[in-house]
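Undergrad: model this:
(3 chains)
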Amino acid sequence: MSLAFDALLCLLALLAALRAVAAGEGFSRVAAFMAYGLILGLVWVRLAAVDVALTEVAVGSGVTGLVLLRAVARDDAPAPLAAGLAYRLLAGVVALLVFAGLAAVVLLLPEPAPSLAPEVARHLPATDLGNPITAVLIVFRALDTLLETVVLLLALIGVWALSPDRTWAGRPAVLLPAPWSGALEFLARLVVPVGVLVGLYMFWAGADVPGGAFQGGAVLAAMALMAIAAGLLPRPVLARRRLRALLLAGPFGFLLVGVLGWVFADAFLAYPPGVEKAVIILVEAAITLSIAVTLALLVLGPPVAEETE
Amino acid sequence: MSAETLFGLAAAALCAIGIYGLMVGRGALARLIAFNLLGGGVFVLFGVVARRGAGAGFGGDPVPQALVITGIVVAFSATALGAALVERLAQLRAKGGAPSEEPEADT
Amino acid sequence: MIALHLLTGLCVLAGLVFFAAGTLGLLRLPDPLTRLHALAKADNIGLGLIALGVLPQLVASGAVLAAAKVVAIWLLLQLSSGAVAQLLAEVAFRDSETGADDPDGAAAEAGEP
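TA: Next up, the predicted model:
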């Protein structure tokens, strides 16, 4: 019975993926892609990875979909001619080979599956955390997470760098045209306070149950975007010092804690014994804030000249 | 067939669809979407490996699961940069400063 | 206990019927406004019925906090689906206005798959 449900999920994911690569308007392809992300979220729940499901739905489908929608709305490039039949056949053969190779890998996975779960379980008590994934992200593989926050920051710098010099200190362009009625403002006034609470809860609860900095940060970013789209908040001036301090708080706070690890513990990114939990929460709070601001600014896009609005 | 094998095969098919879309996609945005489809497939493969490693009271091996969370965020970063590049190209085209064809050679 | 399971089963089934009807409407109805109408109904009543079906199970097993979360989810979805339907309807209406030289106003949506 549950296998039938899983098969249905797989079928839906494949159909959505096919729809997203099929010919058609950019908008409908992005819509199919967002549906694909939501279905993958259910797949992740079925794979007992609720943390990943939350991330996939919030970042993989939601925020990524927003960025793609913005690009579709602003990209006026005429679609290039479709590739020739021979080339498409070649692509089909390559895709089939990729499928065959990966399918073989899946079918031939080693039987006592290798796992680091016992290792994580053994060291989990030392972190004072209940959620093993948060422990991996913030403690065991802290270097990965540190570099990941830097990657996000670099992407934002790259996006900003695409604007001409004279607009560098400006605001991003308007995302949505102002709606007629006050429906969006009404929704934002009611949902944003609740959403901020949910985002903070996801960050806080992430220590022990599914959730964490990335999921909570994405929800906070969505609330900021909704408030901006509804006109409750002005579009941010990107040159503001305070905004940039928020962007840097996560990566540099994390880095600082990492360097202090040499002083108070025995290694880079080692947490001082006794106060691990407090330091972990501080680091998580800083990166949650930075992730929220960075995600929102990545969705808003590069600054534009005021007169072109 | 176990659920893990089923999801693994579906993930392989998703990767194949992503590769096909990357190769024949018409326009940079189509390829950006295909790149994300491919990423989703690869992540689910990780999820299958993680699920098979369930043990010690966890529903799955937390290490690959955490790596996937990192991966999703990094894939988003790349997508955001790609989308901004596409928009910049459109701006330059509007000013007549860029060739009307996409700069990446159509293979 | 049997009565509880029966209630859950009935409510969830009825909710699924609403979702199925809403999806059918989304696929089959002719223009954006009617499609939105079908969808909003499915969201509100379908999810409401499913939440109603799940609630007694959660309360009976002592997960009162989880039950409160289910109610919160339902309320938030009510709010957002209503407001989003309104926003989409505005855009659809504006599109049909700009395509007003077309006699039945349907050409504005013709480009939409």
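Undergrad: look at the nearest residue to residue A:80 once chain neighbours are set aside and give its secondary structure.
TA: Once flanking residues are discounted, residue A:80 sits nearest to residue B:26: 5.4 Å by Cβ to Cβ, 6 or more residues apart in numbering or on different chains. C-beta here means a position set from N, CA and C on the backbone, and glycine is covered the same way. Under DSSP: H, G, I helix; E, B strand; the rest coil, residue B:26 falls in the coil class.
Undergrad: low-confidence ranges, chain B, go.
TA: Within chain B, the stretches with pLDDT under 70 are B:97-107.
Undergrad: so for stretch A:80-96, what's the average pLDDT?
TA: If you average the pLDDT over stretch A:80-96, you get 87.
Undergrad: quick revisit: mind listing what the residue nearest to residue A:80 touches?
TA: With contacts defined as Cβ atoms under 8 Å, 6 or more residues apart in numbering or on different chains, residue B:26 is in contact with A:23, A:79-83.
Undergrad: before we move on, what about residue A:91?
TA: Residue A:91 neighbours (Cβ under 8 Å, 6+ apart): A:83, B:19-20, B:23-24.
Undergrad: then residue B:73?
TA: Contacts of residue B:73 by Cβ under 8 Å, 6+ apart are A:55, A:59, A:148, A:151-152, A:214, A:291.
Undergrad: cutoff 6 Å now
TA: A:59, A:148, A:214 (Cβ atoms under 6 Å, 6 or more residues apart in numbering or on different chains).
Undergrad: check which helix or strand the residue nearest to the second one when sequence neighbours are not counted maps to.
TA: Translated: residue A:148. In space, and not counting its chain neighbours, residue A:148 is closest to residue B:70: 4.9 Å by Cβ to Cβ, 6+ apart. Assigned by DSSP states H and E, residue B:70 falls within helix B:62-94.
Undergrad: next, the buried residues of that helix.
TA: B:62-91, B:93 (16 or more other Cβ atoms under 10 Å in any protein chain shown).
Undergrad: before we move on, back to that, was I right to think the residue nearest to residue A:148 contacts residue A:149?
TA: No. Counting by Cβ atoms under 6 Å, residue B:70 does not reach residue A:149; the two are 10.0 Å apart.
Undergrad: can you report phi and psi for residue A:162?
TA: phi -80, psi 0 (degrees, to the nearest 10).
Undergrad: my read: it touches residue B:82, true?
TA: No. The pair residue A:162 / residue B:82 is not scored as a contact, 11.0 Å apart, by Cβ under 6 Å.
Undergrad: go through chain C and flag its longest helix.
TA: helix C:64-98 (DSSP state H).
Undergrad: mind giving me the packing neighbours of it?
TA: helix A:183-205, helix C:32-41, helix C:47-60 (3 or more Cβ pairs under 6 Å, 6 or more residues apart in numbering or on different chains; DSSP states H and E).
Undergrad: try it again at 7 Å.
TA: In terms of contacts (3 or more Cβ pairs under 7 Å, 6 or more residues apart in numbering or on different chains; DSSP states H and E), helix C:64-98 is packed against helix A:183-205, helix C:32-41, helix C:47-60, helix C:107-110.
Undergrad: ok, then the element right after the first one?
TA: I take that to be helix A:183-205. helix A:213-229.
Undergrad: residue A:33 touches residue B:36, doesn't it?
TA: Yes. With contact defined as Cβ atoms under 7 Å, residue A:33 reaches residue B:36; the gap is 6.5 Å.
Undergrad: list the residues that contact both of these two?
TA: Residues touching both residue A:33 and residue B:36 (Cβ atoms under 7 Å, 6 or more residues apart in numbering or on different chains): none.
Undergrad: show me how chain A divides into domains.
TA: Listed domain ranges for chain A are A:1-75, A:82-113, A:115-309 (source: automatic domain parsing).
Undergrad: just these: most buried one?
TA: Mean neighbour count, computed with mean count of other Cβ atoms under 10 Å in any protein chain shown, is highest for domain A:1-75 among these, reaching a mean of 21.
Undergrad: compute the first-to-last residue distance for that domain.
TA: The straight-line separation of the ends of domain A:1-75 (Cα to Cα, to the nearest Å) is 45 Å.
Undergrad: what residue of chain A is the furthest out?
TA: Relative to the mean C-alpha coordinate of chain A, counting by Cα atoms, centre = their mean, the farthest residue is residue A:86 (37.5 Å).
Undergrad: who are the contact partners of it?
TA: Residue A:86 touches nothing, counting by Cβ under 7 Å, 6+ apart.
Undergrad: shouldn't it be within a helix?
TA: Yes. Counting by three-state DSSP, residue A:86 is found in a helix.
Undergrad: how many other residues sit next to residue 78?
TA: No chain specified, so I'll use chain A. Here the count is done by other Cβ atoms under 10 Å in any protein chain shown, and residue A:78 has 11 residues near it.
Undergrad: try again with chain C
TA: 15.
Undergrad: ok, residues contacting the lowest-mean-pLDDT helix or strand in chain A?
TA: None of the helices or strands of chain A scores lower by mean pLDDT, DSSP states H and E than helix A:117-127, at a mean of 82. Residues outside helix A:117-127 that contact it (Cβ under 7 Å, 6+ apart) are A:132, A:135-136, A:139-140, A:276, A:280, B:53-58, B:61-63.
Undergrad: returning to that earlier point: let me know the closest of the contacts of residue B:73 to residue C:14.
TA: Nearest to residue C:14 among the contacts of residue B:73, counting by Cβ to Cβ, is residue A:59 at 34.6 Å.
Undergrad: which one of the contacts of residue B:73 sits closest to residue C:42?
TA: Closest to residue C:42, out of all of the contacts of residue B:73 and judged by Cβ to Cβ, is residue A:59, at 27.0 Å.
Undergrad: so residue C:26 sits against residue C:37, correct?
TA: No. The pair residue C:26 and residue C:37 fails to qualify as a contact (Cβ under 7 Å) at a distance of 10.1 Å.
Undergrad: ok, then the element right after the least confident helix or strand of chain A?
TA: Immediately after helix A:117-127, counting by DSSP H and E, sits helix A:132-135.
Undergrad: how big is the angle separating the host helix or strand of residue C:9 from helix C:47-60?
TA: Per DSSP H and E: residue C:9 is located in helix C:2-28. Interaxial angle of helix C:2-28 relative to helix C:47-60 (axes from the mean of the first three to the mean of the last three Cα atoms, to 10 degrees): 160 degrees.
Undergrad: roughly how far is helix C:2-28 from the heart of the chain?
TA: Per Cα atoms, centre = their mean, to the nearest Å, the displacement of helix C:2-28 from the mean C-alpha position of its chain is 12 Å.
Undergrad: for that helix, buried residues please.
TA: Those would be C:8, C:11-12, C:14-15, C:18-19, C:22, C:25, for helix C:2-28 by 16+ other Cβ under 10 Å.
Undergrad: for residue A:156, give its distance to chain B.
TA: Distance, residue A:156 to chain B, by Cβ to the nearest Cβ, to the nearest Å: 8 Å.
Undergrad: what sits against that residue?
TA: Residue A:156 sits next to A:294, A:297-298 when contact means Cβ under 7 Å, 6+ apart.
Undergrad: which one of these is nearest to residue C:59?
TA: residue A:294 (40.8 Å).
Undergrad: if you skip the residues just before and after it, what's nearest to the closest one?
TA: In space, residue A:294 is closest to residue A:152, 4.8 Å off (Cβ to Cβ, 6+ apart).
Undergrad: mind listing what the residue nearest the centre of chain C touches?
TA: Compute the mean C-alpha point of chain C, and by Cα atoms, centre = their mean the closest residue is residue C:43, 1.6 Å away. Residues in contact with residue C:43 (Cβ under 7 Å, 6+ apart) are C:77, C:81.
Undergrad: hmm, residue A:175 is touching residue A:227, no?
TA: No. Look at residue A:175 against residue A:227 with Cβ under 7 Å: they stay out of range, at 11.8 Å.
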